[in-house]
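Q: just need the structure, nothing else, for what follows:
(2 chains)
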Amino acid sequence: MTIPTDLDRRFRASAASSGLLAASYDIIESELGPLFAAVTDRGLARISFDPEPEVELDRLASLAGPRVMRAPRALDETRRELDDYFAGRRTAFDLELDLRGLPDFTLRVLEHLAHVPYGQTSTYRDLAGQAGNPRASRAVGMVMNRNPLPIVLPCHRIVGSSGSLVGYGGGLERKEKLLRLEGAML
Amino acid sequence: MMMTAVASIPPFETFYADHSAEVLGLLRRRLGRDRADDAFQETFLRALRAYDRLRHGEYLRAWVLTIATRVAIDTHRRAGEPTDELPDLPHRDGVPAYEELAFLTDELPPKERAAVVLRYGYDLDYEQIASALESSEDAARQAASAGVRRLRRRLT
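A: The predicted model follows:
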């Protein structure tokens, strides 16, 4: 027996509005395929191109505690901003971010990454320099690869010094698509 | 450091996915379809509220069925219906555990009977039994041991 959709939806909505969930997630449809997205009471905590929640659930539970549930309503604002972004109506996100648990260097790099403007690119080397170590471009590459909030923290805007795309956690095709969307690539 | 493997607490989503159908089934049997929906909300909200106070992931099924039973009893009580009955916890194979123990426990006073069945039929701990019976842990422990003493006297 499965429970009726209405009842299930109603409980997930009450759970979201009860304030009892440590983290809520949903699968958001996008131009790049389904995205796993999760929020905590501090803000957006995770976007993943892999919509299989199991690994993400365990990760969220270890971050925020076991009260983790799929609760679409809690993701309304995130969904709206992502929809607007993919529709070309939005060039910057107004979401609070939950980046707890990340190492200092990662946080510094992500902080500078957040300031690379829509429609422009920067390089791994520049970002490494801004984070205080111009020779750490490889480390910056790792940070990009493990970016917990792709799209919102625009690691797709970081390319090699020669202008090559280099790599992307979600696959180069997605990186290219995002840069095209932003008009940063012809 | 603990050396024994204790089931860790799964994300609430997993817990809900594993037990929601069974909880709804229990509530429908106890309350009918109409009232079961509200009781379902109440059961899982109570579980969610208590969820990060759990110390391990054992007996989650018995735990949530106990909460559901409690909610059903509350619903009956609010409607002025009789509630002096043993929690109706279905067993995995469909035979309620209290039926397996019925031949032993039938003549015990209700509270002792509930405590004995929940302790030995369902393997709940006293904290869970206390919450099922809305009493303290001590009272649950006393009820169970009084029940066992009474059974022993009867059997010897």
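Q: which residues does the closest residue to residue A:159 other than its chain neighbours contact?
A: Nearest non-adjacent residue to residue A:159, counting by Cβ to Cβ, 6 or more residues apart in numbering or on different chains: residue A:121, 4.9 Å away. In short, each C-beta sits where N, CA and C put it, glycine included. The neighbourhood of residue A:121, defined by Cβ atoms under 8 Å, 6 or more residues apart in numbering or on different chains, consists of A:157-159, A:179, A:184.
Q: among those residues, which are located in helices?
A: residue A:179 (DSSP state H).
Q: helices along chain B, start to end?
A: B:12-50, B:60-78, B:97-105, B:110-116, B:126-133, B:137-155.
Q: redo the ones you listed as CSV? Include distance to chain A, mean neighbour count and mean pLDDT.
A: Shown next, in CSV, are these (distance: least, Cβ to the nearest Cβ, whole Å; neighbours: other Cβ atoms under 10 Å in any protein chain shown; pLDDT from 0 to 100):
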stretch, distance to chain A, mean neighbour count, mean pLDDT
helix B:12-50, 5, 19, 95
helix B:60-78, 11, 20, 90
helix B:97-105, 21, 16, 56
helix B:110-116, 27, 22, 82
helix B:126-133, 17, 20, 82
helix B:137-155, 23, 16, 85
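Q: can you lay out these as CSV showing distance to residue A:30?
A: Shown next, in CSV, are the helices of chain B (distance: least, Cβ to Cβ, whole Å):
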stretch, distance to residue A:30
helix B:12-50, 22
helix B:60-78, 34
helix B:97-105, 49
helix B:110-116, 52
helix B:126-133, 43
helix B:137-155, 50
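Q: low-confidence regions, chain A specifically.
A: Scanning chain A for pLDDT under 70 picks out the ranges A:1, A:186.
Q: most centrally placed residue in it?
A: residue A:149 (2.2 Å; Cα atoms, centre = their mean).
Q: and the nearest residue to it once chain neighbours are set aside, what does it touch?
A: Distance criterion Cβ to Cβ, 6+ apart; nearest residue to residue A:149, sequence neighbours excluded, is residue A:47 at 5.2 Å. By Cβ under 8 Å, 6+ apart, residue A:47 lies in contact with A:35-37, A:148-152.
Q: among those residues, who's most crowded?
A: Counting neighbours by other Cβ atoms under 10 Å in any protein chain shown, residue A:37 leads those with 26 neighbours.
Q: quick check on it: phi, psi?
A: phi -130, psi 140 (degrees, to the nearest 10).
Q: quick one: contacts for it?
A: Residue A:37 neighbours (Cβ under 8 Å, 6+ apart): A:25-28, A:44, A:46-48, A:75, A:78-79, A:82.
Q: what's opposite it in the beta bridge?
A: On the basis of DSSP bridges, residue A:37 is bridged to residue A:26, residue A:47.
Q: out of everything not next to it in sequence, what's closest to the most centrally placed residue in chain B?
A: Nearest to the geometric centre of chain B sits residue B:66, at 2.6 Å (Cα atoms, centre = their mean). Of all residues not flanking residue B:66 in the chain, residue B:132 sits nearest, at 4.2 Å (Cβ to Cβ, 6+ apart).
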